[in-house]
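Peer 1: Give me a 3D structure for the following:
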Amino acid sequence: MANRADSARPGLLATPRGDTRYALLLVSVAAMGGLLFGYDTAVIAGAIDPLASRFQLNSVLKGWAVSNVLIGCMIGAAFAGALGDRFGRKRILQLAALVFAISAVGSALPRNLNELVAARMLGGLAVGAASMLSPLYIAEVSPARLRGRFVSLNQITIILGMLVVSIVNWQIASADDEAWNVSVGWRWMFASETLPALLFLGFLLLVPESPRWLVRQGREEEALAILARVGGSDRAALEMEQIRAVIAEEGADWRELFRPSVRAALLIAVVLAILQQVTGINAVLYYAPSIFRSAEVSGTRALMQTAVLQGVNLAFTLVAIRLVDRLGRKPLLLATAAAMGVSLTLLGCAFYFGLSPYWVLLFTLAYVASFAVAMGPVVWVVLSEIFPTAVRGRAMAVATVCLWVACFAVSQTVMTMFEAIGKPATFWCYAVMCGAALLFVLRFIPETKGKTLEEIERSWTARPR
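Peer 2: Predicted structure coming up:
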């Protein structure tokens, strides 16, 4: 295995500044979990209208068909942290990849809505695990100077997965044969996930376990070799000292989450995770084709516009990677929360005044671009780096479960809100939540740019209680 080989001859692999290409390899493989996260959750956007026709779904069941996967996400995220702490980040990611593939096949073959829901919930288990373990692994193998960019890469692959599946959905439905899409087309949309799932499983064989997890298991020689190859021999020795010191001071059970220093970080992470969702992003991404169709856009064109939307999402997430380690986490979150609120207000106005579909598309693109610059990637950066090593898996699991609960609430209720209060008021409600996010970030989010994970941990301990 790669980690054994590395530990056998660290001197041949380590350099004073480390091997950035090797670090990028580890990060890129782990980030494929993000790609499957995006692919699995966004495939429903193209399939939901044919599914609604196939199974005769009303607005509540249509919301359930979209949001049921998130139940699995909650469960997967709830258990992935403890499993990752017990068995290792890599092993649980491998299990998630296998579950992704099984779910893809099952989702393509259901005879009724219940069978589809069961297969999708199974996939949700894998999404929940990947949503927390991929950025966690990335944070734990990344050099401090590059950690913001590398963790943001996970968000890029989430968006890339959404972009790829939106193009796949568009191409599958491109014949614009509604009867064929209702009968067969949506099955191919779900089945297309099998290939990336198997690729993820294969590539995971190429990477070692997290060095911080290895230290906790007493496998320090392996951990030191990985740290040296990633960040350089001098930096590796310093990080090993910090990791040992932090581990020596802490326990490793759930009670640790309620220590004052950990409790403060956990509360901030939970609120930030919820705010990421209740500002409305998945009301737009999961229902984009339906939103565009309601603005009098044809079915195939709505899928094409959805692909454009995901392309903008990806492009501005790339902008985030360039900025997150230069400008810091907090300034980006503040700027984008404000921009999201303005965009959602204008989108609501476009529907209220019956403006052209081009205005609807423009304001939707502006909102998604704003989200992509920080509220998407930077939230995951913050969640992956603010917790102590000993409880990072468990604490991130709690925050991620809360994120998925909020995501489920938004996804399940958005169609009902459209019917009950209308699209303008719905988007204005999300704009108000953007204002709440801006105030919360301003008051409570610490800046973590350029700090090691152990330095961040000690900053919590040093705070007055």
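Peer 1: wait, what's in contact with residue 27?
Peer 2: By CB atoms under 8 Å, 6 or more residues apart in numbering, residue 27 lies in contact with 138, 141-142, 150, 153. Using the backbone N, CA and C atoms, a C-beta is placed for each residue, glycine as well.
Peer 1: Most neighbours among these, please name it.
Peer 2: residue 138 (29 neighbours; other CB atoms under 10 Å).
Peer 1: Residue 151 is in contact with that residue, correct?
Peer 2: Yes: Residue 138 lies in contact with residue 151 (CB atoms under 8 Å); the separation is 5.1 Å.
Peer 1: what residues are shared contacts of these two?
Peer 2: With CB under 8 Å, 6+ apart as the test, residue 138 and residue 151 both reach residue 384.
Peer 1: So which of the contacts of residue 27 is the closest to residue 384?
Peer 2: Nearest to residue 384, judged by CB to CB, of the contacts of residue 27 is residue 138 at 7.0 Å.
Peer 1: Going by neighbour count, which residues in the helix or strand hosting the closest one are buried?
Peer 2: Counting by DSSP states H and E, the element that carries residue 138 is helix 113-141. When burial is assessed from 16 or more other CB atoms under 10 Å, helix 113-141 yields the following buried residues: 113, 116-117, 119-141.
Peer 1: what do you get for stretch 52-65?
Peer 2: Applying a neighbour-count criterion of 16+ other CB under 10 Å, one finds 52, 54-55, 57, 62-65 buried in stretch 52-65.
Peer 1: As TSV, these with distance to residue 297, pLDDT and secondary structure would be great.
Peer 2: As requested, those are exported to TSV (distance: CB to CB, whole Å; pLDDT from 0 to 100; DSSP: H, G, I helix; E, B strand; the rest coil):
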residue	distance to residue 297	pLDDT	secondary structure
52	17	90	helix
54	22	92	helix
55	24	92	helix
57	21	89	coil
62	19	86	helix
63	21	86	helix
64	25	92	helix
65	22	91	helix
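Peer 1: Whichever strand or helix holds residue 51 vs helix 113-141, what angle?
Peer 2: Assignment of secondary structure by DSSP H and E places residue 51 within helix 20-55. On the basis of axes from the mean of the first three to the mean of the last three CA atoms, to 10 degrees, helix 20-55 is oriented at 170 degrees to helix 113-141.
Peer 1: now helix 20-55: how far from the chain's centre is it?
Peer 2: 9 Å (CA atoms, centre = their mean, to the nearest Å).
Peer 1: Pick out the residue closest to the middle of this protein.
Peer 2: The centroid of the chain falls nearest to residue 131 when counting by CA atoms, centre = their mean (5.0 Å).
Peer 1: Mind checking the pLDDT average for the helix or strand hosting residue 400?
Peer 2: According to DSSP H and E, residue 400 maps onto helix 392-444. Averaged across helix 392-444, the pLDDT comes to 91.
Peer 1: Repeat that for stretch 293-304.
Peer 2: In this model, stretch 293-304 carries a mean pLDDT of 77.
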